[in-house]
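Chemist: Mind looking at a prediction? Sequence and model below.
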Amino acid sequence: MKILVCISHVPDTTTKIQFQEDGSALNSTGVTFVINPYDEYGLSRALDFQEKEGKQVSITALSVGGKEVEATLRKALAIGAESAVRVDKPALDSYQVAKEIAEYAEPREFDIIFMGKESIDFNSAMVPGLVAEMLGMPFVSFATDMQLGEEGAVTLKREVDGGVEVVESQLPIVVSCQKGMAEWRIPKMRGIMAARKKPLAVISGANAEEQLATTSFSYPPAKGDTVYIDADAPEKLIDNLIEKGII
Amino acid sequence: MSVLLFAENAQGTFKKATFEAATYAYDLAQAMGTTLSAVSVGQVSEEALASLGKYGVSNIYDVRDEKFNAFVNTAYAAAIANVAKKIDAKAVVMTQSYNGRAVAPRVAVKLRATPISGVTSMVDPADGFKALRLSYSGKGVQSFRTDNDKVVLTVKGNSYQITENPVTAEVISADFSASEENFDAIAKEIIKASEGISLTEADTVVSAGRGMKGPENWGIIEEMAELLGAATACSKPTADMDWRPHHEHVGQTGIQIAPNLYIAIGISGAIQHLAGVSSSKTIVVINKDPEAPFFKVADYGIVGDLFEVVPKLNAAIRAAKAAV
Ligand SMILES: Cc1cc2nc3c(=O)[nH]c(=O)nc-3n(C[C@H](O)[C@H](O)[C@H](O)COP(=O)(O)OP(=O)(O)OC[C@H]3O[C@@H](n4cnc5c(N)ncnc54)[C@H](O)[C@@H]3O)c2cc1C
Ligand SMILES: Nc1ncnc2c1ncn2[C@@H]1O[C@H](COP(=O)(O)O)[C@@H](O)[C@H]1O
């Protein structure tokens, strides 16, 4: 079974986000970049198939981006992917990234394409569905569990408003993952050593064009001052909320 | 040229988020000098369909083949794109729900439209659909535009005021039967999270963290939620320790929410937690540590012991309710 894990290279979750002065892009000075946390669920589940369930699996990690994403791909190799691919194009928007992924995946016939439910930088939750449609594959989004059945049958769970949906489908499939899909793995020393020797291919890609241009970045409006309410008379809070029509 | 709303239903009825998207789509149609049409997929009563007229929907294309009773993103996207092509929609609008986000990208590819996710302001159809959306998990605001003359967009929940724009809605039966191959990932059953109010749709959310000391103490939180008609949420560690169900975990790696009122009790306000809740309209923080980072984003703060404060608040809410 061939699995492709798409990895977005994003600022660590503790980063205080700051943009360049002209608002054109993130100011990445001093920022640590990591594997998008949701993408790690897919990578970990792929390894579970291999290790816990003894399936014959090959795992390729792919990222669309400049040279800087290679460190993040190496981390995916250290966690356990066999090989990595960098599509040497800046990631511009969901459509362009999806097109590059689809062009790469199409001739290679992956059984599963794992992605994250969203990237924590762009937060579009669009790339997985775009790839699925471009490739004419079934798509299960916000997946919290995936089990392999007989003859390519798969059963997944996905989060929906007010519950969890049990979905039946068939390989090949595109799955976007979130918490529940697997436990994150911490790379071991042996994995880190091995990762240095694993193949990381750089390909030029398909020259897909962006559709949604970012004109600038800014900050969300700052909150006003906090109104403090005396803990001995907290009912004042309720009065305030009622007065403002909030409750 | 027209604007098409995907009027998403939940078990046959329309919820607040759909009316919000309808209001947005109506305002966009006005700006484009055209009328608003909607497509409904699945079984929705005639009355419920006609009720969309209240929010400015003039034509409702009703796709009700029983094959569509369960949600399948491929088939739904085919149905929506079919109507969009028929009426030459320049903009397809839907809610930023779980299902909305699953079909939107497919519809965009089918229509060669630009996919735009989670818009928080009205797009300008005269200037490349220029508008705003959140990025960097709510820590940034992205201004965008597109050269494409067609867009598929999802509207972020609680970011657009619902208004009524009554028109007479005509329900048009659209017999569209998607081919078998489109039913490629079938929802077999839905396991209900709880009887409570769904977290993503709730107007008010009462949330608690490690300050609760243990799962046995959550009674006061549930009581407050019940009194306010609110949903309950929690921080990541409390879900990880199984004090609370996993689907209640909010934040960067949990669910992102933007209710009108978010009440955070015994939660420190770590940056990953804030990333999932900071776009809430009003934030109340109750914490015994005056230095807790959560106070920096709070509209109202109470520095005190939650085990004393929360029961008093519950009593005050009860008293206020009895007074009306
Ligand atoms: C990659 C990554 C992703 C993460 N994603 C998330 C996420 O999505 N969501 C999330 O929530 N966290 C997330 N975290 C964890 C986050 O960093 C914090 O550890 C977590 O939010 C802390 O939870 P807490 O506020 O409940 O606990 P604590 O930080 O322990 O805070 C408890 C608070 O309760 C207060 N308190 C204690 N007793 C009382 C009392 N009697 N009365 C009043 N106040 C009291 C304390 O003063 C304290 O401020 C993530 C971490 C990482 C590394
Ligand atoms: N530049 C990228 N390279 C590879 N995969 C990506 C990239 N950007 C996004 N993805 C994948 O698409 C998912 C959803 O991203 P998004 O649509 O941006 O929210 C991510 O979790 C990744 O799995």
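Modeler: Arrived safely. Ligands and ions are numbered 1, 2, ... in the order given.
Chemist: From here on, just use CA atoms for contacts and neighbour counts.
Modeler: Will do.
Chemist: Residue nearest the middle of chain A, spatially speaking?
Modeler: For chain A, the residue nearest the mean C-alpha position is A:Gly116 (3.1 Å; CA atoms, centre = their mean).
Chemist: Pull the contacting residues for that one.
Modeler: Taking CA atoms under 8 Å, 6 or more residues apart in numbering or on different chains as the contact definition, A:Gly116 lies against A:6-7, A:36-42, A:128, A:176-178.
Chemist: try 10 Å
Modeler: A:5-8, A:36-43, A:125, A:127-128, A:141-143, A:175-179 (CA atoms under 10 Å, 6 or more residues apart in numbering or on different chains).
Chemist: So what pairs up with it in the strands?
Modeler: Taking DSSP bridges, one finds A:Cys177 as the beta-bridge partners of A:Gly116.
Chemist: now do A:Gln170
Modeler: According to DSSP bridges, A:Ala153 are recorded as the beta-bridge partners of A:Gln170.
Chemist: what about the strand ranked longest in chain A and ligand 2, any contact?
Modeler: Scanning chain A for the longest strand, with DSSP state E as the assignment, gives strand A:139-148. No. With CA under 6 Å from any ligand atom as the threshold, strand A:139-148 lies outside contact range of ligand 2, at a closest distance of 10.1 Å.
Chemist: neighbouring strands for that strand, and are they parallel or not?
Modeler: In the sheet, strand A:139-148 lines up against strand A:153-160 (antiparallel), strand A:173-177 (parallel) (DSSP bridges).
Chemist: Can you mark which positions in stretch A:50-67 are buried?
Modeler: Applying a neighbour-count criterion of 16 or more other CA atoms under 10 Å in any protein chain shown, one finds A:50, A:57-65 buried in stretch A:50-67.
Chemist: How is the residue of chain A at minimum distance from ligand 1 assigned, secondary-structure-wise?
Modeler: At 5.6 Å from ligand 1, A:Thr13 is the closest residue in chain A, using CA to the nearest ligand atom. Classification of A:Thr13 into helix, strand or coil gives coil, according to DSSP: H, G, I helix; E, B strand; the rest coil.
Chemist: Okay, and the nearest residue to it once chain neighbours are set aside sits in which element?
Modeler: If you skip the residues right next to it in sequence, A:Thr13 has B:Gln272 as its closest partner in space, 6.1 Å away by CA to CA, 6 or more residues apart in numbering or on different chains. When secondary structure is defined by DSSP states H and E, B:Gln272 falls within helix B:271-277.
Chemist: Could I get the strands paired with strand A:139-148 in a markdown table, plus columns for distance to ligand 1, mean neighbour count and mean pLDDT?
Modeler: Conversion of the strands paired with strand A:139-148 to a markdown table gives the following (distance: least, CA to the nearest ligand atom, whole Å; neighbours: other CA atoms under 10 Å in any protein chain shown; pLDDT from 0 to 100):
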| stretch | distance to ligand 1 | mean neighbour count | mean pLDDT |
| --- | --- | --- | --- |
| strand A:153-160 | 16 | 20 | 95 |
| strand A:173-177 | 15 | 27 | 98 |
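Chemist: quick check: angle from the lengthiest helix in chain A to strand A:173-177?
Modeler: Longest helix in chain A, counting residues (DSSP state H): helix A:37-51. On the basis of axes from the mean of the first three to the mean of the last three CA atoms, to 10 degrees, helix A:37-51 is oriented at 120 degrees to strand A:173-177.
Chemist: helices and strands around helix A:37-51, which ones?
Modeler: For helix A:37-51, the elements it packs on are strand A:2-6, strand A:9-11, strand A:58-64, helix A:70-79, strand A:112-116, strand A:139-148, strand A:173-177, judged by 3 or more CA pairs under 10 Å, 6 or more residues apart in numbering or on different chains; DSSP states H and E.
Chemist: same thing but 7 Å
Modeler: Of the remaining helices and strands, those touching helix A:37-51 by 3 or more CA pairs under 7 Å, 6 or more residues apart in numbering or on different chains; DSSP states H and E are strand A:2-6, strand A:112-116, strand A:173-177.
Chemist: show me what contacts the residue of the stretch 1-150 of chain B found nearest ligand 1?
Modeler: As assessed by CA to the nearest ligand atom, ligand 1 sits closest to B:Ser137 within the stretch 1-150 of chain B, at 10.5 Å. With contact set as CA atoms under 7 Å, 6 or more residues apart in numbering or on different chains, B:Ser137 has these partners: A:120-121, A:123, B:252, B:275.
Chemist: Nearest to ligand 2, out of those residues: which one, please.
Modeler: Distance ranking of the contacts of B:Ser137 against ligand 2, using CA to the nearest ligand atom, places A:Asn123 first at 4.1 Å.
Chemist: Go ahead and confirm the closest one touches B:Ser135.
Modeler: Yes. Taking CA atoms under 7 Å as the definition, A:Asn123 is a contact partner of B:Ser135 at 5.9 Å.
Chemist: okay, the two: which has more neighbours?
Modeler: Relative neighbour count places B:Ser135 above the other of A:Asn123 and B:Ser135, with 22 against 19, counting by other CA atoms under 10 Å in any protein chain shown.
Chemist: Any chance of the backbone angles for A:Lys179?
Modeler: Dihedral angles of A:Lys179 (phi, psi; degrees, to the nearest 10) stand at phi -50, psi 140.
Chemist: which residues does A:Ser63 bridge with?
Modeler: A:Ser63 has these beta-bridge partners by DSSP bridges: A:Arg86.
Chemist: Any residue of whichever helix in chain B runs longest touching ligand 1?
Modeler: Scanning chain B for the helix with the most residues, using DSSP H, yields helix B:306-323. Yes. For helix B:306-323, a contact with ligand 1 is found by CA under 6 Å from any ligand atom, at B:306-307.
Chemist: Now do A:Lys2 against A:Pro172, distance only.
Modeler: Distance from A:Lys2 to A:Pro172, counting by CA to CA, to the nearest Å: 10 Å.
Chemist: Check the residue nearest to A:Thr13 and give its pLDDT.
Modeler: What the model reports for B:Gln272 is a pLDDT of 94.
Chemist: pretty sure it contacts B:Gly251?
Modeler: Yes. B:Gln272 is in contact with B:Gly251 according to CA under 7 Å; the separation is 5.7 Å.
Chemist: With neighbour numbers in mind, choose between these two.
Modeler: B:Gly251 (23 against 20).
Chemist: For that one, which non-adjacent residue is closest in space?
Modeler: For B:Gly251, the spatially nearest residue (CA to CA, 6+ apart) is B:Gly276, at 3.6 Å.
Chemist: Need the overlap of contacts for A:Lys2 and A:Pro172.
Modeler: A:110-112.
Chemist: about what we covered before: distance from the longest helix of chain A to the middle of the chain?
Modeler: With CA atoms, centre = their mean, to the nearest Å as the basis, the distance from the averaged C-alpha position of helix A:37-51 to the chain average is 12 Å.
Chemist: cool, and stretch B:255-271?
Modeler: For stretch B:255-271 - counting by CA atoms, centre = their mean - the centre lies 16 Å from the chain centre.
Chemist: Let me know whether it sits next to chain A.
Modeler: Yes. Stretch B:255-271 comes into contact with chain A (CA under 7 Å from any CA of the partner chain), by way of B:Ile271.
Chemist: Any residue of that stretch touching ligand 1?
Modeler: Yes. Using CA under 6 Å from any ligand atom as the criterion, contacts between stretch B:255-271 and ligand 1 involve B:266-270.
Chemist: if we can go back for a sec, touching the longest strand of chain A from outside, list them.
Modeler: Counting contacts by CA under 7 Å, 6+ apart, the residues touching strand A:139-148 from outside are A:117, A:129, A:132, A:154-159, A:173-181, B:102.
Chemist: Buried residues of that strand, list them for me.
Modeler: Within strand A:139-148, the residues scored as buried using 16+ other CA under 10 Å are A:139-146.
Chemist: and what of stretch A:223-239?
Modeler: Neighbour-count burial for stretch A:223-239 flags A:226, A:228-229, A:231, A:234-235, A:237-238 (criterion: 16+ other CA under 10 Å).
Chemist: Could you pull up the residues touching residue 185?
Modeler: Just going to use chain A. For A:Arg185, counting by CA under 7 Å, 6+ apart, the contacting residues are A:44, A:79.
Chemist: oops, chain B please
Modeler: A:138, A:167-169, B:72.
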